[in-house]
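# Dropping the sequence and predicted coords here.
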Amino acid sequence: MKTLIIGGVAGGASAAARLRRLDEAADIIVLERGEYVSFANCGLPYYIGGVITNPNNLTLQTPESFRARFNIDVRVNSEAVKIDPESKTVTVKNLSSGELYAESYDNLILSPGAEPIRPDIDGIDSEIVFTLRNIPDTLKIKEYIQKQKPRSAVVIGGGYIGVEMAENLKESGLEVSVAELADHLIAPLDFDMAADVHRYIKLKGIGLYLNNSVKAIDGHTVVLQNGKINADMVILSVGVLPETALAQECGIKTNRRGSIIVNRQMKTNVPNIYAVGDAAEAEDFIAKTPAFIPLAGPANKQGRIAADNIAGIASEYKGTQGSAVLKLFDMTVATTGLNEKSAKAAGINYDKTYIYSGSHAAYYPGANNMSIKALWDKNTLKILGAQIVGFDGVDKRMDVLAAAIRFGAKITDLTELELCYAPPFGSAKDPVNMLGFVAENIVSGKIKQVFWHDIETLPRDGSVTLLDVRTAMEVSRGKINGFLNIPLDSLRSRLNEISKEKPVYVHCHSGLRSYIACRILAGNGYDCFNLAGGWRLYESVINERTVPEYICTECK
């Protein structure tokens with residue numbers, strides 16, 4: 001049995017290695033257009049930033065190591081230029097010699113990956129413009145920095161790779177700006193969770209231009225819809241598209257985006273042809289809709305599943321939920337599952353809540369709070385998605401939540417999780433438990449919520465009571481217009497100042513003290529609503545919405 005694999009890296013390389021482990025007699029050939037068959041794609045920005053100092057460490061496997069360990073024939077600089085499903089052959093071009101030859105197969109796995117989008121803007125082909133997809137791209141950027149010694153860089157696009165590149169270019173000593181068409185960085189985050197990221201990245205000295213498209217690259221100037229930025233180099237990071245022209249030409253079905261349509265066994269519509277990785281359409285694990293979620297973890301799993309099915313082992317890929325984590329200097333950003341935009345698009349009746357909890361016991365040195373947001377289905381209570389922005393301990397909480405989603409947990413099930421605790425690592429009531437406790441109170445009706453986006457529309461005409469239960473010192477640092485301040489510890493003795501005939505909307509710093517205030521008020525006959533996420537979240541989001549990121553001198 002002969003299996004031909006087009007493309008290496010995550011999907012193709014994992015398929016090849018898995019197939020060999022399952023079938024020692026199989027004839028396995030990997031065709032890779034580039035020079036490297038298996039490399040650490042996600043590590044590329046960190047070589048540019050100097051965190052990874054040896055470029056050889058980015059290479060996970062070589063043709064020689066594949067041959068030695070797995071007895072796999074890896075052919076680099078070999079481009080598949082045509083697939084003939086009738087004869088079950090692939091026409092291959094040796095890019096070193098120019099030779100064309102035909103290679104037969106019994107089974108074919110397509111793992112061509114995705115290519116960076118190059119927008120149709122003036123100056124896009126300038127020698128100062130770079131994309132980052134592979135090791136040659138990385139070496140080219142690194143060499144440009146070392147030889148040309150640029151002083152400034154603009155990253156176009158604020159997704160995961162764009163933000164990682166901004167960090168690493170800054171660490172390389174450049175003045176860095178990020179231009180992003182959307183109103184916030186990192187698309188899987190909701191705007192309210194991205195607000196903390198915006199503040200932090202600007203604190204680190206990176207310019208941020210949101211809601212702003214790039215119109216042209218004119219010499220060393222990036223011309224925006226509003227304003228201009230000087231740049232000695234530009235990194236394009238506006239997303240990727242599946243590289244599937246070869247598949248389309250031979251009759252393999254693709255969707256609107258160009259992703260290869262596969263079933264759960266990773267089979268295409270053409271017999272004996274499979275597709276894996278960024279080129280293959282995935283199913284959103286939660287929404288059960290077609291999705292494009294290019295991540296290394298799913299690509300590896302899909303390669304394994306394709307190999308299983310070729311070897312006769314029934315195996316299915318059950319969907320991608322989009323679990324991802326990002327390092328931004330000392331900050332950690334993590335997401336899994338649906339955000340509000342995707343939940344609305346899927347037509348799901350959802351609820352949400354926020355908490356602000358410490359990474360470990362507050363009395364043990366070094367604790368930092370993290371912002372956590374969770375969405376759940378109001379009908380089933382199943383967790384739909386989560387987002388965390390913080391510092392220490394973010395990744396392990398998100399891993400717990402990602403696992404909970406994968407196994408169909410309800411938001412209230414989080415209260416029952418028994419997680420590891422010692423003061424340096426967590427709290428007796430872990431943030432994941434706290435998320436469950438807060439949601440359980442909402443589900444059971446012990447608390448009613450109001451959200452940051454509702455505050456501006458609350459009447460200030462006396463028909464409702466707006467109550468701030470923070471301390472006077474906290475209020476002196478900033479407050480929401482129209483809110484009466486009665487500190488929590490004085491609330492019981494001052495209930496006579498609050499009318500029972502009106503609903504009461506309460507906030508504190510994070511939502512915890514205002515929850516306690518609402519329980520006091522409810523116990524005394526009041527109708528109370530708690531501001532989810534508290535003043536901290538409201539102030540962060542509102543400032544991001546109202547404070548301009550820059551002054552457009554050309555627009556004055």
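It's in.
# Helix or strand with the lowest mean pLDDT in the protein?
When the helices and strands of the chain are scored by mean pLDDT, DSSP states H and E, strand 38-39 comes last with a mean of 73.
# which stretches of the stretch 101-250 of the chain form helices?
135-148, 160-171, 191-203, 245-249 (DSSP state H, counting those that start in this stretch).
# same for the last one, what does it pack against?
For helix 245-249, the packing partners by 3 or more C-beta pairs under 8 Å, 6 or more residues apart in numbering; DSSP states H and E come out as strand 78-84. In short, each C-beta sits where N, CA and C put it, glycine included.
# Could you identify the helix or strand that succeeds the strand it packs on?
Following strand 78-84 in sequence order, the next helix or strand is strand 89-94 (DSSP states H and E).
# Tell me which residues are up against that next one.
4, 6, 31, 75, 77-84, 99-105, 108 (C-beta atoms under 8 Å, 6 or more residues apart in numbering).
# So in that sheet, which strands flank it, and in what orientation?
With DSSP bridges as the test, strand 89-94 is paired with strand 78-84 (antiparallel), strand 100-104 (antiparallel).
# buried ones in the longest one?
The neighbour-count check on strand 78-84 (16 or more other C-beta atoms under 10 Å) flags Ser78, Glu79, Ala80, Ile83 as buried.
# gap between the third one and Tyr105?
In other words, Ala80. Using C-beta to C-beta, to the nearest Å, Ala80 is found at 11 Å from Tyr105.
# now swap in the last one and tell me
Taking C-beta to C-beta as the criterion, Ile83 is separated from Tyr105 by 9 Å.
# where do the strands sit along the stretch 1-150 of the chain?
Counting by DSSP state E, counting those that start in this stretch, residue ranges of the strands within the stretch 1-150 of the chain are 2-6, 27-31, 38-39, 59-61, 73-75, 78-84, 89-94, 100-104, 107-110, 114-116, 129-131.
# where in the protein is pLDDT low?
Low-confidence segments of the chain (pLDDT under 70): 546-556.
# Most tightly packed of the strands of the stretch 1-150 of the chain?
Burial of the strands of the stretch 1-150 of the chain is given as mean neighbour count (mean count of other C-beta atoms under 10 Å); strand 107-110 ranks first at a mean of 28.
# Identify all contacting residues around that one.
The contact list for strand 107-110 (C-beta under 8 Å, 6+ apart) reads 1-7, 11-12, 15, 83, 88, 90, 244, 246-247, 252, 260, 268, 272-276, 279-280, 303, 306-307, 310.
# In contact with Asn56, which residues?
Residues in contact with Asn56 (C-beta under 8 Å, 6+ apart): none are found.
# what about stretch 308-328, start to end distance?
Start and end residues of stretch 308-328 are separated by 37 Å (C-alpha to C-alpha, to the nearest Å).
# The nearest residue to Arg264 once chain neighbours are set aside: neighbouring residues, count only.
Distance criterion C-beta to C-beta, 6 or more residues apart in numbering; nearest residue to Arg264, sequence neighbours excluded, is Glu316 at 4.0 Å. For Glu316, the count of nearby residues is 12 (other C-beta atoms under 10 Å).
# same question, Leu484
Other residues near Leu484 come to 13 when the count uses other C-beta under 10 Å.
# In three-state terms, label the spatially closest residue to it that is not a sequence neighbour for me.
Once flanking residues are discounted, Leu484 sits nearest to Leu467: 5.6 Å by C-beta to C-beta, 6+ apart. Three-state call for Leu467 (DSSP: H, G, I helix; E, B strand; the rest coil): strand.
# From Gly258, how far out is Val163?
Val163 is 25 Å from Gly258, where distance means C-beta to C-beta.
# who's more crowded, the two?
Legend: neighbour count by other C-beta under 10 Å for Val163 and Gly258, higher for Val163 (25 against 17).
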